[in-house]
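[1] Task: produce atomic coordinates for the following.
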Amino acid sequence: MFNTLSRSKEEFTPLDGKNVRVYACGPTVYDYPHIGNARSFVVFDTIRRHLEYSGYRVHYITNFTDIDDKMIARANKEGITVAELAAKFIAEYQRIAKELNLKPAAMNPRATEHIDDMIEMIHLIIKNGKGYAVGGDVYFDVGKFPAYGSLSKIPLDEISAQARVETDEKKRDPRDFVLWKAAKPGEPSWDSPWGKGRPGWHAECSAMSRHYLGVPFDIHGGGQDLIFPHHENEIAQTASAYGIDTPVKYWLHNGFLTINQEKMSKSLGNFSTAREVLDHYDHQAVRMFLISGHYRQPLDYNPDALKQATQSVERLRNALDTIRGRVLILEKGSMEITVADKKLSEATKKLREGFEREMNDDFNTPGALAELFTFAKTLNTHVGKAGKASVLREADATLVELLGVLGIDLSMTEEGHEASKSEYVLKGIIELLLQIREDARKTKNYALSDKIRSGLAQLGVTVSDTKDGPTWKID
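    Sure thing, here's the model as predicted:
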């Protein structure tokens, strides 16, 4: 996996055998997540799934930031409490998580649940000479931490010029960042040794990751925009408080979702919410789109890309339907093993090998998807000549399993509901009719072939003949 800290690919070696501890930065719950936020959710869920597929026991934590300046401003604007605002958007995140088929985290800690942990950490930073209090505020003294910049690769003496740094006259150095903010009228606050106040944003993830995972832990993930200052500050805080040089072994960051090669963001106003997208497209297709590019590279959002992902999902659904339709036929009467069976068995083996090769190369989801679509094409070519149901069941199980590693569940319909047994039977019947139609065409019984096609059309099933065989859809 590519480690942002070393700027190179490194062989993954967990700190504790087969146990892997992962912390992925979660949303600040002040607004509806945009589809770019959803990319990060899906990326780290997919990474987690592949680690589990590879035999690791993954302890996965992702947080909710439920107190910060944006939340206070939004709550005041809506005339509700910050807690009420957080509850509203946490519920929206949970709905999105279900629709995108995210596996539940071991814990979803909220920042407000760990104020004591943050106070303890800040106290240790001051005690160790790396922080200072001024008028109820507490700051991290960047100049006392020579390793600052190791993640972002920004030289310490260039940080003020190259990076966004909050202006505050209380700071000893413009590069210093806030650990604790003194209370202001009308804002939520907590008691602390420095007076009433609330934590700085960067303190939250350092405290919560240590609370649930200890230090050091294996993987810390988030978007590229978190490299500096958020993750850089996390390293400085945790190292200074707990006397550990490298709090996290592997830092992973996903690329931005862009529109016309420009970063999607709320501040630029060039975004679509995840809700808007999920309400208009097949949920499994949205997930496929979000992993269609390598996670470290930018991914451009546009309706054509979503339409293509929708078509791709349908290709895979049709491949499974074709398998299951043929299995229904073979279960009615045993046949001898055929050349097609041998080709399908070989293709199934190659699928798993190719999929693992791609995913083991820094979670190369585009390569893994290419392996799946190559396999689907092989299925369409040979499944109608297969003679053994067991061969087809193995192909089916392998395809479903590997799609599951990518978090794609084709048992779910476009509306997000699990397909019923009757729906599978209906699809099997359609596939059976299409197989009879193909046999009729090969024997030049065009009357029967046309009768099947027109009959299906009258029932609302459109059949299209392609070079890889017939496809169908229900209008």
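
[2] contacting residues around the nearest residue to P33 once chain neighbours are set aside?
    In this structure, P33 finds its nearest non-sequential neighbour in A274, 4.9 Å apart by Cβ to Cβ, 6 or more residues apart in numbering. Every C-beta, even on glycine, is put in place using the N, C-alpha and C of the backbone. The contact partners of A274, by Cβ atoms under 8 Å, 6 or more residues apart in numbering, come to Y32, P33, H34, I35, N37, A38, I96, L100.

[3] which non-adjacent residue is nearest E358?
    Excluding the flanking residues, the one nearest E358 by Cβ to Cβ, 6+ apart is G367, at 3.3 Å.

[4] which strands and helices sit next to the strand or helix carrying that neighbour?
    For G367, the host element (DSSP states H and E) is helix 365-382. If contacts are counted by 3 or more Cβ pairs under 8 Å, 6 or more residues apart in numbering; DSSP states H and E, helix 365-382 sits against helix 303-330, helix 339-359, helix 389-405.

[5] mean confidence score for the helix or strand where C205 lies?
    Using DSSP H and E, C205 sits in helix 201-213. Mean pLDDT, helix 201-213: 97.

[6] which residues are in contact with whichever helix or strand comes after it?
    Remark: after helix 201-213, the chain's next helix or strand is strand 217-223, criterion DSSP H and E. With Cβ under 8 Å, 6+ apart as the test, strand 217-223 has contacts from 14-15, 20-25, 36, 40, 43-44, 47, 209, 230-231, 234, 247-254, 256.

[7] now the next helix or strand after strand 217-223 and strand 217-223, what's the angle there?
    Beyond strand 217-223 in the direction of the C-terminus, DSSP H and E gives the next helix or strand as helix 232-242. Orientation check (axes from the mean of the first three to the mean of the last three Cα atoms, to 10 degrees): helix 232-242 against strand 217-223 gives 150 degrees.

[8] which secondary structure elements does the helix or strand following helix 232-242 contact?
    Next helix or strand after helix 232-242 toward the C-terminus (DSSP H and E): strand 248-254. Using 3+ Cβ pairs under 8 Å, 6+ apart as the contact test, the elements touching strand 248-254 are strand 2-3, helix 35-53, strand 217-223.

[9] re earlier: between helix 35-53 and the helix holding G367, find me the angle.
    Counting by the same axes, to 10 degrees, helix 365-382 points 70 degrees away from the direction of helix 35-53.

[10] okay, now the domains of this structure?
    What automatic domain parsing lists as the domains of the chain is 15-280, 314-470.

[11] quick one: which of those is nearest P303?
    Minimum separation from P303 across the domains of the chain (Cβ to Cβ) falls at domain 15-280, 9.0 Å.

[12] distance between the ends of that closest one?
    43 Å (Cα to Cα, to the nearest Å).

[13] same deal with stretch 179-195?
    With Cα to Cα as the measure, stretch 179-195 spans 13 Å from end to end.

[14] Okay, buried residues for it please.
    Buried residues in stretch 179-195, counted by 16 or more other Cβ atoms under 10 Å: L179, W180, K181, A182, A183, E187, P188, S189, W190, S192, W194.

[15] of those, closest to A347?
    Of the buried residues of stretch 179-195, the one sitting nearest to A347 (Cβ to Cβ) turns out to be L179, at 56.7 Å.

[16] and the domains of the chain, which is most packed in?
    domain 15-280 (a mean of 19; mean count of other Cβ atoms under 10 Å).

[17] Adding distance to K144 and pLDDT, write the contacts of A274 out as TSV.
    Shown next, in TSV, are the contacts of A274 (distance: Cβ to Cβ, whole Å; pLDDT from 0 to 100):
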residue	distance to K144	pLDDT
Y32	40	95
P33	37	94
H34	37	92
I35	41	94
N37	34	95
A38	39	97
I96	41	97
L100	42	98
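
[18] Pass me the low-pLDDT residue ranges in the stretch 151-300 of the chain, would you?
    160-167, 266-267, 270 (pLDDT under 70).

[19] Could you rerun that using 90?
    Counting by pLDDT under 90, the stretch 151-300 of the chain contains low-confidence ranges at 155-170, 186, 259-272.

[20] returning to what we had before: turn the helices and strands packed on strand 248-254 into CSV, including distance to T81.
    Shown next, in CSV, are the helices and strands packed on strand 248-254 (distance: least, Cβ to Cβ, whole Å):
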stretch, distance to T81
strand 2-3, 41
helix 35-53, 23
strand 217-223, 28
